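Participant: Okay, predicted coordinates and the sequence, questions at the end:
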Amino acid sequence: MITIYETFSPRETAELGRKLGEHASSGDVYTLIGDLGVGKTVFTQGIAEGLGIKETVNSPTFTILQVYEGGRLPFYHFDVYRIGDIEEMDEIGYEEYFYGNGMCMIEWGNLITEILPKNRKDITIEKDLEKGFDYRKIIISEVTE
Ligand code: ADP
Ligand code: MG
């Protein structure tokens, strides 16, 4: 199933993320794809807020994994953009997180498709400048075996 949302401000994107975080269940896995500056961090900050995480969430960039405890569920925030080899994921012990008790968000998950859980949701954020500078299309597709 594919669901498409449209937002017209950073606040609206964060709000959508917040709702996702509020309804997330233990073991939920999401991937997040979108160009630089499209709103991945804004969206992820909304998710963290929805999970009740008080800590500031930012772009992990130089750390593949950031773990946030202290919310309703643990939040595992991956950014695999700079991953060189899939073995780096083994070194982190990714399975503990992908199949763990928290909610998992994997930025640039398309780079590691071979190890992604079969049941997950893929989120893509896109701009469309014809619809305005602050317009974003957020596509959530449910992937099942
Ligand atoms: P990314 O993490 O994808 O590189 P960021 O979330 O850091 O992107 O930045 C998104 C930028 O786009 C912010 O400066 C934000 O204010 C701006 N922006 C404008 N409109 C939107 C929108 N509808 N949703 C999200 N961000 C938006
Ligand atoms: Mg970011």
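Facilitator: Received it, and whenever you're ready, just let me know what you need. Ligands and ions are numbered 1, 2, ... in the order given.

Participant: Tell me the pLDDT of residue 61.
Facilitator: With respect to pLDDT, residue 61 scores 66.

Participant: ok, now which ones touch the closest residue to ligand 1 within the chain?
Facilitator: Residue nearest to ligand 1 within the chain: residue 39 (2.9 Å; Cβ to the nearest ligand atom). C-betas here are computed from N, CA, C, even on glycine. Going by Cβ atoms under 8 Å, 6 or more residues apart in numbering, residue 39 touches 7, 10, 13, 125, 136.

Participant: could I get those residues as CSV with secondary structure?
Facilitator: Output for those, formatted as CSV (DSSP: H, G, I helix; E, B strand; the rest coil):
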residue, secondary structure
7, strand
10, helix
13, helix
125, strand
136, strand
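
Participant: can you tell me which of those are up against ligand 2?
Facilitator: Among these, proximity to ligand 2 is found for none (Cβ under 5 Å from the ion).

Participant: which of these sit farthest apart?
Facilitator: The largest separation in the contacts of residue 39, counting by Cβ to Cβ, is between 10 and 125 at 11.6 Å.

Participant: quick one: which of those two has more around it?
Facilitator: Taking other Cβ atoms under 10 Å, residue 10 and residue 125 do not tie; residue 125 has more neighbours (20 against 16).
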